[in-house]
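> Okay, sequence plus prediction incoming.
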Amino acid sequence: MNVVTLPVLPRAGLAALTALATTLATAGPAPVRASALFAAAEVDQQNFLMVAAPIGSRGEKAQLNIYEQLKPVRPCFEVGAGLPSPVNPLLATFDFTGICNRYIDANGYSVRVGGQDLATSYRLMVTRSGGDMLLLAFPTKAGAGPEMVVARTRGSAPGFLKLHLEPGWRLMRRQFGGRNLGHLYVYADSWPGTAATAAQPATSTPALPAQPAAATGTPAPAATPAPAAATPAPTTPAAAAPTSRPAASVPSTRPAAAGRRVMPSTTRPTAVPPATEPAPAAAQQPVAPPAIPATKL
């Protein structure tokens, strides 16, 4: 018996091989998002019909069915007039292989918004709301997005009813590598409400009106009165006497007569300030000091 002796690796080499093995065991292809894995292809909308199909013994509940006309050999469905629109599923009365397609559950359809495939986070369900039946895209995961109304019957009646798509929604086909698959998308280009919001003009903040100085807590400065116009020199003695305040409040500007002394006034001055505009320099004359009366002993 031959014994094979393996070479003994140094500790550094053994540690490197162990790290490499761990990396290869745990490493794998990066997860591929559904939006990159699958594409969406346009279809002829006239070849499809979305139906609220009754389920249960009494037909009180309904589910989404989608019928597709593949070949015009014979009709796959018949739609009545009026709202709600009754549907006769003719494909249930013959072997529709190669003539019709029928999508009846999540294996045949899912929700897609733009580049996001929402098959794992949304489900389609038909529910009654008042006098109407709605097809809802209902989120199954927290934070997946809002609940969306996709289609409605526009009325309530027993039997199969046509579902009318809401604005912005249509059917598309799932693609993989450029190849069409047997799966349909209930598709919208963008989340409902986002296009309308982007189209609205930005609301500008109106400019605030100018506030008066008193509103800020700082008293407004008092208005400075305009200076009075200079009064021309009087030409007659009658015109020299002022009329708006007592004569004693303002010293006289008339020249004193020769040999005449001016006696001080005994009237108390008023609080009226003197005029701000002085008389011309030529008209001003020094006033003689008042005479001191003699006192009898």
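Looks like it came in fine.
> Going by C-alpha atoms from here, please, whenever you check contacts or count neighbours.
OK.
> those helices in the stretch 101-250 of the chain, which residues are they?
194-199, 237-240 (DSSP state H, counting those that start in this stretch).
> So what's the model's average confidence on the last one?
Looking back up the chat, that one is helix 237-240. The average pLDDT within helix 237-240 is 40.
> before we move on, what about the longest one?
For helix 194-199, mean pLDDT is 41.
> same thing with stretch 134-144?
Mean per-residue pLDDT for stretch 134-144: 96.
> Then stretch 59-72?
For stretch 59-72, the per-residue pLDDT averages 94.
> Return the set of buried residues in that stretch.
Neighbour-count burial for stretch 59-72, with 16 or more other Cα atoms under 10 Å as criterion, is recorded at 62-70.
> a markdown table please, covering these and showing secondary structure and distance to residue 107.
Converted to a markdown table, the buried residues of stretch 59-72 look like this (DSSP: H, G, I helix; E, B strand; the rest coil; distance: Cα to Cα, whole Å):
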| residue | secondary structure | distance to residue 107 |
| --- | --- | --- |
| 62 | strand | 17 |
| 63 | strand | 14 |
| 64 | strand | 12 |
| 65 | strand | 12 |
| 66 | strand | 12 |
| 67 | strand | 14 |
| 68 | strand | 15 |
| 69 | strand | 19 |
| 70 | coil | 19 |
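> Widest-spaced pair of these?
Spatially, the most separated pair among the buried residues of stretch 59-72 is 62 and 70, at 24.9 Å (Cα to Cα).
> does residue 173 really touch residue 181, like I thought?
Yes. Assessed by Cα atoms under 8 Å, residue 173 is found in contact with residue 181 at 7.0 Å.
> of those two, who's got more company?
Counted by other Cα atoms under 10 Å, residue 173 and residue 181 do not tie: residue 173 has more neighbours, with 20 against 14.
> any idea how far that one is from residue 162?
With distances taken as Cα to Cα, to the nearest Å, residue 173 is found 20 Å from residue 162.
> Check residue 112 too.
Computed as Cα to Cα, the residue 112 to residue 162 distance reads 21 Å.
> do the same with residue 111
19 Å.
> Likewise for residue 191?
From residue 191 to residue 162 the distance is 24 Å (Cα to Cα).
> neighbour-wise, which of the two wins?
For residue 191 versus residue 162, neighbours defined as other Cα under 10 Å are more numerous around residue 162 (24 against 14).
> Now do the contacts for the more buried one.
Going by Cα atoms under 8 Å, 6 or more residues apart in numbering, residue 162 touches 49-52, 79, 84-87, 153.
> Would you mind listing which of these are buried?
Counted by 16+ other Cα under 10 Å, those give 49-52, 84-87, 153 as buried.
> Among the residues you listed, which pair sits farthest apart?
For these, and using Cα to Cα, no pair is farther apart than 49 and 84, which are 14.2 Å apart.
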